[in-house]
Structure formats: structure tokens, C-alpha cells
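> Make a model of this:
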Amino acid sequence: KNKKILITQDAIDYIYDFLVKEENALNFLNSILEELSLKKEIVTKEILEKIIKNRTTAKFKNEVKTSSSMERYEEGLFSITSGYLGLIQDRLIKVRKLIEKIHNKRPAVSLAGLDKYPENYNVSVLGIVFSKEEGKYDSISIEIEDLFGSAKVIIPSSKLNDIAKEIDEDDIILIEGKIKKGKTGSYILAENIIYPELEFTSKNEEGEDVLIAITSDIRYGNENFLEEKLMEFIDFINGKFEEYNEIAKKIKYLIICGDLIEGVSFESKYYGLIDEIEEEYSGIAKILDKIRKDIEIIIIPGERDVIIPSIPLPELNKEIAQELFELKNLKILTDPNFIQLGNRRILLTHGFYFENVVRKYMLQTFNGEKAIEYAVKHLFKRRNLVPNLRINGLLPIGYDPFVIYEKPDLFIFGHYDIPTTFVYKQCLVISNSSWVKYEDESVIVYLVNMKDLKINTIYF
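Numbers count the residues shown, from 1 in each chain. Coordinates of the predicted model:
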């Protein structure tokens, strides 16, 4: 970023097109730009085409193909700077693709060299919001950055003002407006602001007539863990309650969205000792082993399930959770994860990643269900589970696995112990309760029919 490259606009457009077409081209392209920064010649489209053509035999490293569309790569060696920069670059590229796919719009120019455009020249740019402040006459001023430069954007007090008030730092937006000339250089006067937002689909296809049971936050090992109620739930799905036997037979999947054990926490009576965490995993494995074997159990980790919580959460440790990995009908995935059951697309996360967003709306509404709803809409508008990059625990992993690139039919999470469901733009959202006793001893489990996404709410 500290090196200067003289580059033509057609070369910049070629770079964007290359990134759109090649899913894993970012590291490859960075190495090319590093080489070009050592040259003194102006980089044109023809020069780039020639270099890339000569390098087509190079292989991209660090990628692991999984069934999840929310990619997770093998651990690579990144410095802190290059890791965070790669994450931001990857997010910019993915959001650019989303806006082009959903709104049929794309940035026409980069933020580098806006001074060359005349006054009132119409531009369309995409960038990440670096800063935001109030301007004169109730306007809002933001600074945005893309892969090549930065620019100041003035959002006037007008019909855009409501949208402008919702803009947060680290949002990625497409801005349409006009070039204006100021004392310190060119800036953009915004006329339209576009987020990637969750799109509507033309129709809802029917799925298979089977049920999935959905829960979270079992927290085995907590002194207030409701083990009797969990065993009652297992008896239910095993068909031991005659009046519910027909419903139980239709359950083919059980999804558990993290925090299977109490693990490492300030509330834990175990204080995070490894051998005691192994005992917790052993205990929850024995309970889950009682579930009938034709039910596929799908789990993702929560922050309590891992030794050191981070963003993204690490995979479960096979040595510590050995008995869990030995269950043949149990599938352990990473968080976040995008799975497909039949023709239903399901986005899974524990909920730990967007705790700051829920907290923000909790302070505004003082209502748990409303806070969950507003937080999810906030995430969907930005198409990201970690919309703010300035949070503790975010690892410099060099790519962004949090972008909601495909539209889900279901979005499922836990963490907050606020059981609620709602539908937003044809996506069924489910927030789960926990199996730890607080004020209310009842536990809610949701059963969702994959055919029509209708919900049965079961109380234990």
C-alpha cells in the first residue's frame, strides 16, 4: 500500500474483471502488483494481460474445497498487515459481485485519480467506509477506500439522509454521484447509495417433507444445566411419547448451533482446565449417542467449545473432543457454515460474531426479540456476519469467510438465549434458547418442515 504504481483506467477495470471471474485470484494478483511496483513504466491493460497469461500455470494456495459456500482456507502464513489487508480486499471484491448480481450496477471508476474528472462528472464508485462525521447544513461526510485509493463523499441533507444516518464504519457501499471540486481536491456529492442487501426471490420452491430439530447452547457442565429436560427432548425425538410419535418419525436432522459444553468462561466452575473440558465433551457425547442413528446430527462450535475464542472460531479439537468425533451420525462443521439439505440452503453460525450488533439494538429497544430482529436485518443489509472489522478477536486470516454470498432459506443461530423466529425477505430466521436455567426454566426447540418451512414450537 505504501508503494506507488502508475496504472491506466482500463488496467484497473481489467483487474476488477479478473477478480470477479477468478474466485481465488487475490494472492496471485497481489504478487503481480508487487512485481509491477518495482517498475517505472505505466501499467496498461496490455501489460497486465501479458503477465497474467505467462503465469496461468501458477496454482493458488491455501484453499480447501468444502460443501460450504462460506470458504475457509487452510492456515497460511500472513503478517498482521497483509492478513487484515487481504480480508478487506476479499470483502470488497465479494460485495462488488453481490451488488452487480442483485442491483445490476458496478463501479465505473476507481477512487484513484478522481482529480482528473471535470466538475459535475457522473461517477459510480464502490468502497469501504473508513470514517464518518457530520458536515455543514445537516450533511454527512464519509471517507471511503477501494483497492486503489480513497475519496471524500458528501451526502447532502435530502432523501438520502435516512440512509446516511444508518451508514457505519466498515460498511461497503456503492455510491452514485457527481464530482465536485474543493479547496483540498475533488470529492463526490452523493445522489444514490446502494447496499448489497438481501434480495427477494421470484418464488419459494417446496422442499422434502421432513423435519429438522433446531437447538443451541446445551452448555453441558454448567451447574444450572437442565439435563433432565435435555433427556426429555431426546426421548421425544426417539419416539417415546406416543402422542408425538408421528412427528418424531419425520425428524431426520438435528442442528446444534454451538456451545455444547460450558467450557472456558467466567461463569464456569471448572475454570477452563483441559482435562475437565475433556470430561464435558465425554459427557455430552454420551448424551448425543442416545439419539436414534437415522437422525443426522449437525453441529458447529460456539465460543465456549474452544480453548481460545477468536473470530472466526477455530475448529473443534479432535483430541479434546475425541468421543464426539467418534459418533458416526454426527457431522462437525466450522462456524460460519452454509449447508444444503435437499434444496434448502441453511446458514449456520453460533451468534458470537455479531454480539456487538445485538448489544447496540438491545440498548436502543430494551427488548430482546426486537434487538435480534433489528440485528439480523442489519447483517442482511450488509451481507456480512461481522460487519464491523474493528472488534476484538478478529484474526488477520487474509480472506473473508463472513460474507453472506448466497441467499439462505434459513438463518439459524444461538448464543443469546432469546428464542424467537421471524421471516425477512423469504428467509426464515431462528434464534435459539439455551439449556441452562435462569429465570424461566422452559426450553424451546424448533421443528422446521423442509417442505414449506413451517415451524412447530416444542416446550420442555
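> Tell me which stretches of the chain form helices.
9-21, 26-36, 45-54, 80-103, 161-166, 227-237, 245-249, 274-288, 322-325, 355-365, 368-382 (DSSP state H).
> how about the longest one: buried residues?
Which is helix 80-103. For helix 80-103, a neighbour-count test (16 or more other Cβ atoms under 10 Å) marks 82-100, 102 as buried. Glycine gets a C-beta too; all of them are placed from N, C-alpha and C.
> how does the protein divide up, domain by domain?
1-61, 114-194, 211-459 (automatic domain parsing).
> Turn those into CSV, columns for mean neighbour count.
Shown next, in CSV, are the domains of the chain (neighbours: other Cβ atoms under 10 Å):
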stretch, mean neighbour count
domain 1-61, 14
domain 114-194, 16
domain 211-459, 19
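> right, so of the helices of the chain, which gets closest to Leu260?
With Cβ to Cβ, the closest approach to Leu260 among the helices of the chain belongs to helix 274-288: 5.0 Å.
> residues in contact with that closest one?
218, 220-221, 227, 230-231, 234, 260-264, 270, 297, 307, 320-324, 326-327, 330 (Cβ atoms under 8 Å, 6 or more residues apart in numbering).
> Can you check which of the domains of the chain gets nearest to Pro107?
domain 114-194 (4.1 Å).
> With mean pLDDT and distance to Phe200 added, can I get the domains of the chain in TSV?
Formatted as TSV, the domains of the chain follow (pLDDT from 0 to 100; distance: least, Cβ to Cβ, whole Å):
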stretch	mean pLDDT	distance to Phe200
domain 1-61	65	23
domain 114-194	92	16
domain 211-459	93	6
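> In JSON lines: those domains, plus distance to Pro107.
Output for the domains of the chain, formatted as JSON lines (distance: least, Cβ to Cβ, whole Å):
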{"stretch": "domain 1-61", "distance to Pro107": "8"}
{"stretch": "domain 114-194", "distance to Pro107": "4"}
{"stretch": "domain 211-459", "distance to Pro107": "17"}
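> How about stretch 194-203, which residues are buried there?
Result for stretch 194-203 [16+ other Cβ under 10 Å]: buried residues Ile194, Tyr195, Pro196, Glu197, Leu198.
> Look up how far Leu447 lies from Phe426.
For the record, residue 426 is Gln, not Phe. When distance is defined by Cβ to Cβ, to the nearest Å, Gln426 is 20 Å away from Leu447.
> Could you find the closest non-adjacent residue to Leu226?
Trp435 (5.0 Å; Cβ to Cβ, 6 or more residues apart in numbering).
> For the one you found, give me its contacts.
By Cβ under 8 Å, 6+ apart, the residues touching Trp435 are Thr215, Asp217, Ile218, Arg219, Phe225, Leu226, Lys229, Leu230, Val443.
> For the fourth one, which phi and psi angles does the backbone take?
Dihedral pair for Arg219: phi 60, psi 50, per degrees, to the nearest 10.
> How about the contacts made by the residue nearest to Gly149 when sequence neighbours are not counted?
Using Cβ to Cβ, 6+ apart and skipping the chain neighbours, the partner closest in space to Gly149 is Ala112 (3.5 Å). Contact partners of Ala112, counting by Cβ under 8 Å, 6+ apart, are Ile7, Ile12, Asp146, Phe148, Gly149.
> Thought Ile179 was touching Tyr121, still the case?
Yes - if you go by Cβ atoms under 8 Å, Tyr121 and Ile179 touch, sitting 4.4 Å apart.
> All the strands of the stretch 251-400 of the chain, residue numbers only.
Taking DSSP state E, counting those that start in this stretch to define them, one finds strands in the stretch 251-400 of the chain at 251-257, 296-300, 330-332, 337-341, 344-348.
> Output these as a markdown table; include the columns distance to Glu278.
Formatted as a markdown table, the strands of the stretch 251-400 of the chain follow (distance: least, Cβ to Cβ, whole Å):
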| stretch | distance to Glu278 |
| --- | --- |
| strand 251-257 | 19 |
| strand 296-300 | 17 |
| strand 330-332 | 16 |
| strand 337-341 | 25 |
| strand 344-348 | 25 |
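> Please identify which of these is closest to Glu369.
Nearest of those (Cβ to Cβ): strand 251-257, 17.5 Å.
> Go ahead and name everything in contact with that closest one.
By Cβ under 8 Å, 6+ apart, strand 251-257 touches 210-218, 237, 291, 294-300, 302, 341, 346, 348-351, 412-415, 432, 447.
> do stretch 442-454 as well
Contacts for stretch 442-454 (Cβ under 8 Å, 6+ apart): 204, 206-215, 226, 229-230, 233, 247, 250-251, 341-342, 344, 409-410, 419, 421, 428, 430, 432-435, 455-460.
> If we use 7 Å, what do you get?
With contact meaning Cβ atoms under 7 Å, 6 or more residues apart in numbering, stretch 442-454 is reached by 206-215, 226, 229, 233, 251, 341-342, 344, 409-410, 419, 421, 428, 430, 433, 435, 455-460.
> What about those, which are in strands?
Using DSSP state E, the subset of these located in strands is 211-215, 251, 341, 344, 410, 421, 428, 430, 455-459.
> my read: Ser157 touches Gly135, true?
No - checked against Cβ atoms under 7 Å, the pair Ser157 and Gly135 is beyond contact range at 9.1 Å.
> close enough to count as contact, Thr421 and Ser433?
No - applying Cβ under 7 Å, one finds Thr421 not in contact with Ser433, separated by 11.4 Å.
> hmm, back to that, so which of the buried residues of stretch 194-203 would you say is closest to Ile188?
Ile194 (13.8 Å).
> ok, the closest one - contacts?
Per Cβ under 7 Å, 6+ apart, neighbours of Ile194: Ile99, His103, Lys105, Ile173, Leu174.
> residues touching Asp217, list them.
Contacts of Asp217 by Cβ under 7 Å, 6+ apart are Asp259, Gly302, Gly414, His415, Asp417, Asn432, Ser434, Trp435.
> Output these in CSV; the columns should cover distance to Ile42.
Below are those laid out as CSV (distance: Cβ to Cβ, whole Å):
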residue, distance to Ile42
Asp259, 55
Gly302, 52
Gly414, 54
His415, 51
Asp417, 59
Asn432, 56
Ser434, 60
Trp435, 64
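> out of the residues you listed, who's nearest Ile397?
So of the contacts of Asp217, ranked by how close each gets to Ile397 (Cβ to Cβ), first place is Gly302, at 19.2 Å.
> is it true that the closest one touches Thr349?
No - applying Cβ under 7 Å as the test, Gly302 and Thr349 come out as separate, 9.6 Å apart.
> what's the distance between Ser157 and Tyr399?
Here Ser157 is placed at a distance of 38 Å from Tyr399 (Cβ to Cβ).
> right, I mislabeled it, should have said Lys318
24 Å.
> same question, Leu428
28 Å.
> Then Asp409?
From Asp409 to Tyr399 the distance is 25 Å (Cβ to Cβ).
> and if you look at Val429?
Distance of Val429 to Tyr399, computed by Cβ to Cβ: 26 Å.
> ok, now Ser282?
Taking Cβ to Cβ, one finds Ser282 at 35 Å from Tyr399.
> do His415 as well
His415 sits 24 Å away from Tyr399, going by Cβ to Cβ.
> Equivalent analysis for Asp115, please.
Asp115 is 33 Å from Tyr399, by Cβ to Cβ.
> Over to Ile256?
27 Å.
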